[in-house]
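J.: The following comprises the amino acid sequence and a computationally predicted model.
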Amino acid sequence: MRSSLFWWTAALVLLLQCRTAQRASAPNPGEQYRTLPTEAPAVSAITIPVTLSVRDLLQTLNQRVQGLLYEDNSFTDNGNDGLMLRLWRTRPFEVDVSSQTIRYRVPLKIWAKQQILFGAAEAEGELQLGLKTNFSIQPDWSLRTQTTVDFHEWLSAPVLKTALGDVNIQPLANLMLAQSRTTLTQALDRFISQQLSLRPYAQMAWDALQKPVLLDTAQQLWVKTTPISIGMTPLLAVGDELRATLSVECHNEATLGQRPTFRPNSTLPNLRLLSDASDGFHLRLTTEVPFAEAERIARSIVVGQSFSSGKKQVTVQNLRLWGNGDRLVVNTALAGTFNGDIYLIGKPIVNMAKNRIEVTDLEFHAETRNFLHRTASWLFSSTLKRRIGEALVFPLDEDLQALRTSAQQALQQYVIQPGVVLTGTVDTVAVERTLITPSGIRADVYSKGRVRLNVRGL
């Protein structure tokens, strides 16, 4: 009798052990990934201050405009005007600039020969012309000017050369000068448009901007700029300077590692005229923790740990991660009183202060919760959920705050090439979004600031 009771007891224990060994997993929520955003990068603006020194302009004019300025040796030129004319510069130019108008005084020696009824009259004299030039920048970057004569003042009276001597003919000379005004001003406008152009400087800035910039040597953070358009505010006179601002609209890409390859866009677009120049600089940096690395970190903390409630106990055997929409699924394999897989789900976020990705709002998946209510509700009172949540902490490879500091230091004065210096500030660095991708947990970090390009000679 006792022997029979022993065998019945042993069989019952074995039956209970077999039931414990059977796996009974919660329903798998499956993998599901949202389409990643494909919007175009934010448009940035890099400002380039343009300063033209009136004093330098005057020096250039005095160096380039010397000696014989104009010569017309035919009575039939300029619409058969019956006038020959030669002009020489005798003294330096004097220039005054206000708003978009240049006023300058040009001392000239004049020789003229005018057809008259009984032959031709030849005259010489020295005068000072007061000229006014209105200017504007054209879409092709050329300087368009329209020059008119404000006044003229004779420095030495014009005389008519005759066999009997020199005769003062100022009234006739005034008439000849009035006839030649259009010819004079058109010649001066042609000279200015040939000598003064902003295109070479704009092309230099356009090309220099496209070279990748190393903002952080430790992390190898490169920024590549792709300019898409360029505009300019009106030229205005401030003191003895002409000032304007170029604003280059561009896309910026940040990469980590080796210097990115790039093909420069050498075609300088037409100029857009702006009422004001924006200086907002935007930069998006993408960093990702692969699932394989996240699983390695979490497993090293929780696999092998046991959790109990009363006499019931489970041990974590394995842990896997994947995405479900914008949530992270934590597949936890347990063995012990409960033997099977359960699923937790939470929202990954970036902790900027600690430079890591954490998982918030971690809860048992809805179907797992329903399943455990029927089979192993005691797991709710264990520390399993809290301990897994503590293990879901993944450091980012790049120290985002350190990147900001390094970028700020680099932008104090970053020399792209001799004579071309990039300066600016990094005002804010913020997490734009956290995404679950098929390969891992991605964080898009968004930076805002102001950047300007200083080109020596502008």
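T.: Good, I have the coordinates.
J.: Please enumerate residues in contact with the helix or strand harbouring residue 300?
T.: If you go by DSSP states H and E, residue 300 is part of helix 291-302. If you take C-beta atoms under 8 Å, 6 or more residues apart in numbering as the criterion, helix 291-302 is touched by 316, 318-322, 330, 332, 387-388, 390-394, 439-441. The C-beta positions use only the backbone N, C-alpha and C, and glycine is treated the same way.
J.: May I see the buried residues of it?
T.: 291, 294, 295, 298, 299, 301, 302 (16 or more other C-beta atoms under 10 Å).
J.: Tell me which helix or strand comes right after that helix.
T.: That would be, after helix 291-302 and using DSSP H and E, strand 306-309.
J.: hmm, who's touching the helix or strand following that following strand?
T.: Next helix or strand after strand 306-309 toward the C-terminus (DSSP H and E): strand 312-324. Strand 312-324 is contacted by residues 29-33, 291, 294-295, 298-299, 302-308, 328-338, 345, 376, 378-379, 382, 384, 388, 391, 436-438 when judged by C-beta under 8 Å, 6+ apart.
J.: Report the inter-axis angle for strand 312-324 versus helix 291-302.
T.: 160 degrees (axes from the mean of the first three to the mean of the last three C-alpha atoms, to 10 degrees).
J.: mind saving the C-alpha coords of strand 312-324 as PDB?
T.: Taking Å, rounded to 0.1, in the frame of the first residue of the first chain, the C-alpha atoms of strand 312-324 are listed here in PDB:
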ATOM      1  CA  LYS A 312       7.500  31.600  -7.800                       C
ATOM      2  CA  GLN A 313      10.600  32.500  -9.700                       C
ATOM      3  CA  VAL A 314      11.800  33.100 -13.300                       C
ATOM      4  CA  THR A 315      15.200  33.700 -14.900                       C
ATOM      5  CA  VAL A 316      15.800  35.800 -18.000                       C
ATOM      6  CA  GLN A 317      17.200  33.500 -20.700                       C
ATOM      7  CA  ASN A 318      17.400  36.000 -23.600                       C
ATOM      8  CA  LEU A 319      16.300  39.400 -24.900                       C
ATOM      9  CA  ARG A 320      15.600  40.700 -28.400                       C
ATOM     10  CA  LEU A 321      14.500  44.100 -29.700                       C
ATOM     11  CA  TRP A 322      12.600  45.300 -32.800                       C
ATOM     12  CA  GLY A 323      10.300  48.000 -33.800                       C
ATOM     13  CA  ASN A 324       6.500  48.300 -33.900                       C
END
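J.: Find the helix or strand that residue 335 is a member of.
T.: Secondary structure (DSSP H and E) places residue 335 in strand 327-336.
J.: go on, residue 153?
T.: Assigned by DSSP H and E, residue 153 falls in strand 143-162.
J.: between the buried residues of helix 291-302, which is closest to residue 423?
T.: residue 294 (39.2 Å; C-beta to C-beta).
J.: Specify the local secondary structure of residue 178.
T.: helix (DSSP: H, G, I helix; E, B strand; the rest coil).
J.: I meant to write residue 30 there.
T.: coil.
J.: Name the nearest residue to it, ignoring sequence neighbours.
T.: Here the nearest residue to residue 30 in space, its sequence neighbours aside, is residue 324; by C-beta to C-beta, 6 or more residues apart in numbering that works out to 6.9 Å.
J.: just to revisit the earlier point, list only those of the contacts of strand 312-324 flagged as buried.
T.: Buried, going by 16+ other C-beta under 10 Å: 29, 291, 294-295, 298-299, 302-303, 307-308, 328-338, 345, 376, 378-379, 382, 384, 388, 391, 436, out of the contacts of strand 312-324.
J.: Run through the helices of the stretch 351-458 of the chain in chain order.
T.: 366-375, 384-391, 400-410 (DSSP state H, counting those that start in this stretch).
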